[in-house]
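Novice: Got a sequence here, can you model it:
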Amino acid sequence: MKLNKTIYTLILSFCLSGFFISPELSGQPVPGKDENITFLCTFGKMGEISWGDDDFYNVWFFAIPRDFNQQFYIRVFDPDTGGENDEIQGEFNTRCMFSVYGGKGVDPDRNEESKGLLNTKNYKGGNLLASRVFGSEPRYDNKYFSFGPFNPSAGDFNSKWGYIFKIVCEGISGDDGNLYRFFLSRDPENNIPIEGANAFTYEYTFRMWNDFKSVAHIYPYVDTGVVYIKLSNFDWDRDGHILVVSRYKQGIDAPISNEADWAETRIAIEPQEVGSSLDFQFHKRQGELVKNNNVVVTLENQRGDALQFFSSPIGGVPVYQTSIAIRKIKPK
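Specialist: Residues are numbered from 1 along each chain as shown. As a prediction, the model looks like this:
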């Protein structure tokens, strides 16, 4: 999809309150409520990458607090491929496998391959706890399927994040797009949150809104030692712009990709931004509506280490109170 180069001049009015790091997180739904994202997306392995999925699998992690000692469930909303929300290519013929992993090998801090960024099967590291394949199954359309129960101790313990579990969605056949969501719950039939839990990924593959007004957000966390970040996005179809804001930055308009290609840019991190979350805002292009746009976003620091996107932003969502001007930056 083609779009003439446009210089965006956008003045936004915000209210600034800054960040507060709270130990009580509430990252139960994935995507999170503050992200305003419709669905995660995974295509069957016979799909075209120009449809917005670069590798046909999706890896997410759930962090369970160390002091939580009850059983829990990982619920998948609309896991089948063939219903109201999914993206058909000809006729529905796609099957997706959802797999839950725990134990040694899951923690991405100790197992780089577990992050799912190296395009090898080693992203399945850990002990397989549960797995199920879904095809076109109307009984799961717009409904939840619950994996579990799981005990927290079955996860891979991380001293910072607690017990880590991983869920992988893999398009094992077909070429259609599976649109789905997760919820981490204390109950198999209802969405009852676990206080202090969170979820994160290193490669965010999601569906953009099919309207002009809704703005999606994702929230990477900037840890100690980060000097700059490299933001990469895939198959954006020139559909609008990405606005990067923080408690320090007033607004940076980042380059976006076209059909089936990547766009990259470096963004300096100021000392005031370390130990807080950034806010990546995804604004749709105005004019002709680009429908069913699936996109991919990754982020790494100056050492090439991938950064996490949290479904519940650590430190909260920034609220701004000054008028800001957006400036364009060139890809590198």
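Novice: in stretch 207-227, what counts as buried?
Specialist: For stretch 207-227, burial by neighbour count (16 or more other CB atoms under 10 Å) applies to 207-209, 216-222, 226. The way it works is simple: take the backbone N, C-alpha and C, and place the C-beta from them, glycine included.
Novice: cool, and stretch 269-280?
Specialist: Buried-residue list, stretch 269-280, by 16+ other CB under 10 Å: 269, 273, 276-280.
Novice: coming back round to it: out of the buried residues of stretch 207-227, which sit inside strands?
Specialist: 207, 216-222 (DSSP state E).
Novice: ok, so of those residues, who is nearest residue 145?
Specialist: Minimum distance to residue 145 across those is 19.6 Å, recorded for residue 207 (CB to CB).
Novice: May I have the beta-bridge partners of that closest one?
Specialist: residue 294 (DSSP bridges).
Novice: pLDDT score for it?
Specialist: pLDDT, residue 207: 95.
Novice: heads up, I number from 104, so please use that
Specialist: Sure thing, new numbering starts at 104, so read that last one as residue 310.
Novice: I figured it was touching residue 140, is that so?
Specialist: Yes - here residue 310 reaches residue 140: they are 7.3 Å apart, a contact under CB atoms under 8 Å.
Novice: Which of the three states applies to residue 347?
Specialist: strand (DSSP: H, G, I helix; E, B strand; the rest coil).
Novice: wait, what's in contact with it?
Specialist: 334, 354-357, 370, 381-384 (CB atoms under 8 Å, 6 or more residues apart in numbering).
Novice: what does residue 223 give?
Specialist: residue 216.
Novice: what does residue 343 give?
Specialist: Contacts of residue 343 (CB under 8 Å, 6+ apart): 359, 385-389.
Novice: mind redoing it with 6 Å?
Specialist: Residues counted as contacts of residue 343 (CB atoms under 6 Å, 6 or more residues apart in numbering) are 386-388.
Novice: so of those, which ones are in strands?
Specialist: Reading strands off the contacts of residue 343 with DSSP E, I get residue 386.
Novice: would you turn the contacts of residue 343 into a markdown table with neighbour count?
Specialist: Below are those laid out as a markdown table (neighbours: other CB atoms under 10 Å):
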| residue | neighbour count |
| --- | --- |
| 386 | 19 |
| 387 | 20 |
| 388 | 19 |
